[in-house]
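Peer 1: Sequence first, predicted coordinates after that:
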Amino acid sequence: LPAGSAAAANGVCSEPYTPIYEIQGDGFTSPLLPSPLQFLSYEGSFTANGGVADGLTSDDIGVSESSSTPVGYSLQLTGTGSSYGDFSWAAAAPATFGSINTSQTFLGSGDQPFINEIHYDNSGTDTGEAIEIAGPAGFELTGWSIVLYNGANGQSYGSTTLSGTIPDLQNGFGVLTVDYPTNGIQNGAPDGLALVTSALVTTQGVVTADFQKSSELSGFFVQDLKGDKDSSTSDGVFVFHRDTWDYDVSVGDVVRFTAEVSEYFGLTELSDVSDLTVCRMGRVKPTKVFLPVSSMDDWESVEGMLIDMPQKLHVSGNYTQGRYGEVDLSFSWPLDTPTNVVAPGDDAIALQEMNDLNRIQLEDGSTWENPPWLPYFYDEDGYRTLRTGDTTKKKLTGVISYGFGVYELHPTVPVEFQKKNPRPDGPPNVKGDITVASFNVLNFFTTIDYSGSANEICGPDGDQDCRGADSVAEYQRQLAKLLAALTGLDADIIGLQEVENNPLNVPIETLVTELNAIEGAGTWAWVGELDHYNNYVIRNEIIYRPASVTPVGGPETIADAVFDATHPDPTRIDPLGRPPVAQTFEADGEVFTVVVNHLKSKSCPGFGGNGGLDDDQFDGQSCFNEQRVLQAERVAEFVEFLQDETGDPDVLVIGDLNSYAMEDPVKVFTDAGYTDLIDEFNGTGWKKGAYSYNFFSQSGYLDHALATPSMTIQVKGSAFWHINADEPSALDYNTYNQPELYSPDEFRSSDHDPVLIGLRLGK
């Protein structure tokens with residue numbers, strides 16, 4: 001212990017203090033949080049979006065400065081009185097910072113400080129910027145602060161902690177000035193500022209977790225030794241204080257200190273630590289927490305506390321594992337996307353609520369992006385990954401924090417995982433004589449999107465933003481992984497989605513050329529260019545092995561003139577989405593048709609969809625569901641046209657429908673008699689392998705294999721090759737990932753798993 005600590009324990013450490021549970025309270029924000037005494041704006045008013053004034057609307061002072069305001073002027077309160085309401089704001093006049101304003105007289109001492117003078121804009125470079133606080137003489141401003149706000153977005157852009165005592169300049173009243181650097185105060189219309197009350201507390205507790213390094217969380221967790229025995233209130237709190245500042249603590253130290261209470265994006269924390277004393281050593285027993293929790297309030301009641309999670313937990317999602325060191329865990333099994341296993345609406349909403357209670361985000365005790373220590377990756381040659389479905393080996397011990405809208409567990413004991421979902425050794429055996437596959441290749445572009453900027457040089461007219469690789473190196477890495485996946489599929493026909501829609505067909509011809517370079521000249525071919533105009537930046541494609549199947553005629557699509565003439569409908573706009581590609585094939589005297597699709601995405605622009613039923617109906621299907629339904633209906637009509645044209649009823653509808661198994665667009669096909677081959681040959685949910693995509697740590701399949709009745713009886717099997725959805729995104733081709741993670745193999749070649757279908761034609 002530090003010198004003098006025994007004396008501290010016998011003296012200061014025995015004095016009364018504010019318990020941590022009183023700082024946390026029993027709600028989602030601390031009852032001791034500072035609050036704005038004033039929230040003022042100039043050049044208009046706005047509502048704060050975060051910070052201490054969150055949700056409050058500013059009071060416009062009614063006067064302002066401009067780029068023509070003379071240097072050395074300011075906005076000032078004028079009049080006679082002892083409180084803010086006694087005075088009025090006047091137009092810009094010569095500044096009086098540090099003294100009584102012009103035309104201002106103080107009477108009596110008053111009881112609260114207030115903003116008395118402002119300067120933020122003048123002719124030329126803004127200089128002499130300052131904010132003056134007036135108040136009763138002797139008022140101690142230590143712990144108070146001024147928070148500056150951007151009126152355009154309502155968010156704070158700066159905060160200044162005040163200190164010092166207000167002097168007596170007139171009748172028991174005085175002023176204190178805060179100077180800002182040149183251009184330190186914004187002058188947009190509107191901007192503003194808040195005078196915030198002090199929230200200094202002196203508290204005491206034991207350090208349960210030490211993450212003080214700048215490469216970690218820049219702070220430590222402290223917990224009350226006894227607590228209040230109330231399960232609704234937390235006994236722990238995070239303290240923002242780096243080890244390179246005044247105090248470097250260790251786990252087990254019982255510390256006493258003074259700090260300011262604040263709320264950082266929903267996390268109650270203590271900051272601006274002073275007078276820290278190590279009293280003695282101590283420890284607390286971790287609180288046991290089990291998944292699923294009964295309510296999200298359960299997490300709030302242990303925020304900042306040391307906990308144990310005794311259950312064996314499954315990895316439910318690891319998308320940002322390499323980038324931010326985050327892994328989502330759940331009990332029993334990885335979480336299913338609700339509309340993949342139950343109907344949209346009430347059932348999906350209920351399952352989503354259950355899922356939310358059955359997850360916790362395992363963190364790495366760091367805020368670094370792409371940390372070099374590779375959190376939770378297996379340290380094995382050739383297997384540096386953690387897959388959805390893997391499990392923890394033993395109980396987890398750590399502290400609970402909150403960030404970016406989710407509760408986080410920062411472990412204080414190393415976490416070990418065990419493989420329960422090892423990588424597949426080759427694609428699934430779907431039997432049959434002919435294999436058809438579908439694969440969303442995650443924006444394969446040969447046009448480089450340099451620096452990831454808005455390069456409007458892609459698309460059929462060269463006027464759309466590019467996607468995919470941001471450099472030649474990334475392109476080469478992406479191509480290598482795609483080739484490994486495409487050759488590994490060992491399919492005879494492959495439908496592709498998200499290939500660059502290049503008018504010279506460079507991307508698709510590049511893929512075919514590279515495949516033939518690997519497997520031999522003439523092994524692969526492309527069905528050819530469609531006779532239609534696709535104005536999207538990406539398109540669907542079909543490649544095939546000429547030795548196995550032979551095209552009958554050329555590729556067709558909904559936008560073809562023949563189909564439009566046969567099926568006129570003035571209420572439809574074709575194509576409703578990226579046009580499908582259909583190709584009829586012959587093998588061993590049998591004819592069948594493959595239709596490759598990529599329906600409208602679920603992404604919501606702004607806060608809704610496209611208006612009406614395309615807006616999010618909050619039934620689990622997200623935005624543009626109505627448009628996807630119309631697309632599905634149009635594709636079903638297109639299939640009927642193709643059946644009439646070929647005289648053969650055997651059709652496979654494959655591709656990324658951007659709809660999970662139980663959603664309305666899929667129901668269009670199943671209601672029309674199509675068979676969902678994944679459901680037929682696998683079953684439902686993650687446990688049965690019925691997933692191809694992981695979104696927000698929930699698994700389901702957007703990639704489909706649907707067959708007409710006559711085609712269904714010729715299918716011997718169908719399954720996903722799980723090479724992507726279970727893997728962290730840090731294994732993909734992007735060069736911002738940790739270099740040692742890249743491998744030119746099939747794993748994380750895309751964000752979608754490919755689907756395979758085994759056919760025994762004529763049987």
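Peer 2: Yep, it's here.
Peer 1: Render the CA-only coordinates of stretch 43-53 in PDB, please.
Peer 2: Extracted as PDB, the C-alpha positions of stretch 43-53 are listed here (Å, rounded to 0.1, in the frame of the first residue of the first chain):
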ATOM      1  CA  GLU A  43     -29.600  32.400 -34.100                       C
ATOM      2  CA  GLY A  44     -32.600  30.200 -33.500                       C
ATOM      3  CA  SER A  45     -33.500  27.200 -31.200                       C
ATOM      4  CA  PHE A  46     -33.000  23.400 -31.400                       C
ATOM      5  CA  THR A  47     -33.500  20.200 -29.400                       C
ATOM      6  CA  ALA A  48     -30.500  18.500 -27.800                       C
ATOM      7  CA  ASN A  49     -29.700  15.000 -29.100                       C
ATOM      8  CA  GLY A  50     -27.700  13.500 -26.300                       C
ATOM      9  CA  GLY A  51     -25.500  15.000 -23.500                       C
ATOM     10  CA  VAL A  52     -26.800  16.500 -20.300                       C
ATOM     11  CA  ALA A  53     -29.500  18.500 -22.200                       C
END
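Peer 1: How about that stretch, which residues are buried there?
Peer 2: Neighbour-count burial for stretch 43-53, counted by 16 or more other CB atoms under 10 Å, picks out Glu43, Ser45, Phe46, Ala48, Gly50, Gly51, Val52, Ala53. C-beta coordinates here come from the backbone N, C-alpha and C atoms, glycine included.
Peer 1: From Leu75, how far out is the third one?
Peer 2: Separation of Phe46 from Leu75 (CB to CB, to the nearest Å): 18 Å.
Peer 1: Where does pLDDT dip in the stretch 51-200 of the chain?
Peer 2: The stretch 51-200 of the chain contains residues with pLDDT under 70 at 109.
Peer 1: All the strands of it, residue numbers only.
Peer 2: 59-60, 73-81, 87-94, 104-106, 114-119, 130-136, 145-150, 155-161, 173-179, 191-196, 200-211 (DSSP state E, counting those that start in this stretch).
Peer 1: Would you mind finding the most buried of the ones you listed?
Peer 2: Ranked by mean neighbour count, these are led by strand 191-196 with a mean of 26 (mean count of other CB atoms under 10 Å).
Peer 1: Can you give the distance of the strand or helix carrying Glu645 from its chain's centre?
Peer 2: Assigned by DSSP states H and E, Glu645 falls within helix 625-646. Relative to its chain's centre, helix 625-646 lies at 35 Å (CA atoms, centre = their mean, to the nearest Å).
Peer 1: Which residues belonging to that helix are considered buried?
Peer 2: Using 16+ other CB under 10 Å as the burial criterion, the residues of helix 625-646 that qualify are 625-639, 641-643, 645-646.
Peer 1: thinking again about what came up before, any chance of TSV for the strands of the stretch 51-200 of the chain, columns distance to Lys285?
Peer 2: Shown next, in TSV, are the strands of the stretch 51-200 of the chain (distance: least, CB to CB, whole Å):
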stretch	distance to Lys285
strand 59-60	49
strand 73-81	56
strand 87-94	56
strand 104-106	57
strand 114-119	48
strand 130-136	46
strand 145-150	37
strand 155-161	36
strand 173-179	46
strand 191-196	37
strand 200-211	11
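Peer 1: out of those, which comes closest to Ile307?
Peer 2: Shortest distance between Ile307 and those, using CB to CB, is found for strand 200-211: 9.8 Å.
Peer 1: tell me what the closest one is packed against?
Peer 2: Where contact means 3 or more CB pairs under 8 Å, 6 or more residues apart in numbering; DSSP states H and E, strand 200-211 is packed against helix 20-24, strand 219-223, strand 236-240, strand 253-264, strand 267-281, strand 396-403.
Peer 1: tilt between it and strand 219-223?
Peer 2: Orientation note: strand 200-211 sits at an angle of 110 degrees relative to strand 219-223 (axes from the mean of the first three to the mean of the last three CA atoms, to 10 degrees).
Peer 1: Strand 200-211: partners in the sheet, and parallel or antiparallel?
Peer 2: Paired strands of strand 200-211, with direction, are strand 219-223 (antiparallel), strand 253-264 (antiparallel) (DSSP bridges).
Peer 1: To Glu129, which of these lies closest?
Peer 2: strand 253-264 (24.4 Å).
Peer 1: can I get the CA coordinates of the closest one in PDB?
Peer 2: Extracted in PDB, the C-alpha atoms of strand 253-264 (Å, rounded to 0.1, in the frame of the first residue of the first chain):
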ATOM      1  CA  ASP A 253      -7.500  -1.900  -3.900                       C
ATOM      2  CA  VAL A 254     -10.200  -0.300  -1.700                       C
ATOM      3  CA  VAL A 255     -10.200   3.300  -3.000                       C
ATOM      4  CA  ARG A 256     -11.800   6.500  -1.900                       C
ATOM      5  CA  PHE A 257     -11.900   9.400  -4.300                       C
ATOM      6  CA  THR A 258     -13.900  12.400  -5.500                       C
ATOM      7  CA  ALA A 259     -15.200  12.500  -9.100                       C
ATOM      8  CA  GLU A 260     -17.900  13.900 -11.300                       C
ATOM      9  CA  VAL A 261     -21.000  11.900 -12.200                       C
ATOM     10  CA  SER A 262     -21.700  11.700 -16.000                       C
ATOM     11  CA  GLU A 263     -23.600   9.700 -18.500                       C
ATOM     12  CA  TYR A 264     -21.600   8.500 -21.500                       C
END
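Peer 1: Cheers, nothing more for now.
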